[in-house]
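This is a predicted model, with the sequence first.
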Amino acid sequence: MPDFMLEWAETGTVCGIDEAGRGPLAGPVVAAAVILDRDALPKSLVAGLNDSKQLTEKRREALFAELHACGAARIGVGEASVAEIDTHNILRATYMAMDRACHALGCAVDVALVDGNRAPPLSLGCAVRTVVGGDGLSLSIAAASIVAKVTRDRAMTALAAAFPGYGWERNAGYGTAEHRAAMREFGVTIHHRRSFAPVRELLPECEFPTLWQN
């Protein structure tokens, strides 16, 4: 279970950063940055925060609501659009979302703990520490993983209402059998990532010659 050991090892204001949505065929990539007040964080959150992938949807939603209501979490969210993903590639777009999330915190940050093994070039000028499996080790990163996941899932559910048939309210834009079958039946929407191979292969050749290939 995550704890504050990584945060206590740093000096100054520490935020945790994580993203949701690097792999889907549709929708934006969303990142969250979270600063937790280690002395004021409720025990229920200390005990409950974890890698969002290890939690049920109901549990993620409950923790998301508690994070926003507890008064001990400063939260920033950023995203990169499908157009940005197709223009810059998914890795660079993820970095853009992370940088926007940090700026959305609205305060100075000394150290950013980032889930994964690649350090985003954050324009805040803070130190960046990458942590493989960080959402299961750091409470700040775990909180960011929940915020990013819930925020993106809600966005995909909203898009599903405008673009029915693709199952985005269930698959969040990932390339499930249901989603791929709908793409073949109904076509590619404006929210599909044309630089991703399963989408690109359904397009006329003239539509993708200059796009990044995933």
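Sure thing, it's come through. Numbers count the residues shown, from 1 in each chain.

From now on I want contacts and neighbour counts done on CA atoms only, so please keep to that.
Fine.

which other helices and strands contact the helix or strand hosting Ala155?
According to DSSP states H and E, Ala155 maps onto helix 139-162. In terms of contact count using 3 or more C-alpha pairs under 8 Å, 6 or more residues apart in numbering; DSSP states H and E, helix 139-162 is assigned the packing partners strand 14-20, strand 29-36, helix 57-69, strand 111-115, helix 168-171.

pLDDT averaged over that helix, what's the number?
In this model, helix 139-162 has an average pLDDT of 98.

Name the residues of it that are buried.
Buried residues in helix 139-162, counting neighbours by 16 or more other C-alpha atoms under 10 Å, are found at 139-153, 155-157, 159-160.

quick revisit: so which of the helices and strands packed on helix 139-162 gets nearest Asp135?
Comparing the helices and strands packed on helix 139-162 against Asp135 with C-alpha to C-alpha, the closest turns out to be strand 111-115 (6.3 Å).

The closest one pairs with which strands, and in what direction?
Strand pairing for strand 111-115, using DSSP bridges, gives strand 14-20 (parallel), strand 127-131 (parallel).

Touching that strand from outside, list them.
Strand 111-115 is touched from outside by 10-18, 126-135, 140-141, with contacts defined as C-alpha atoms under 8 Å, 6 or more residues apart in numbering.

hmm, 7 Å instead?
Applying C-alpha atoms under 7 Å, 6 or more residues apart in numbering, the set of residues contacting strand 111-115 from outside is 13-18, 126-135, 141.

now stretch 41-50
With C-alpha under 7 Å, 6+ apart as the criterion, stretch 41-50 contacts Met1, Pro2, Ala72, Asp135, Gly136, Leu139, Ala142, Ala143.

Start and end of it, how far apart?
With C-alpha to C-alpha, to the nearest Å as the measure, the first residue of stretch 41-50 is 14 Å from its last.

What is the neighbour count of Leu124?
By the other C-alpha atoms under 10 Å criterion, the neighbourhood of Leu124 contains 16 residues.

got a list of what Val66 touches?
Actually, residue 66 is Glu rather than Val. If you count contacts by C-alpha under 7 Å, 6+ apart, then Glu66 has nothing around it.

measure it to Ile190 for me?
Applying C-alpha to C-alpha, one obtains 34 Å for the distance of Glu66 from Ile190.
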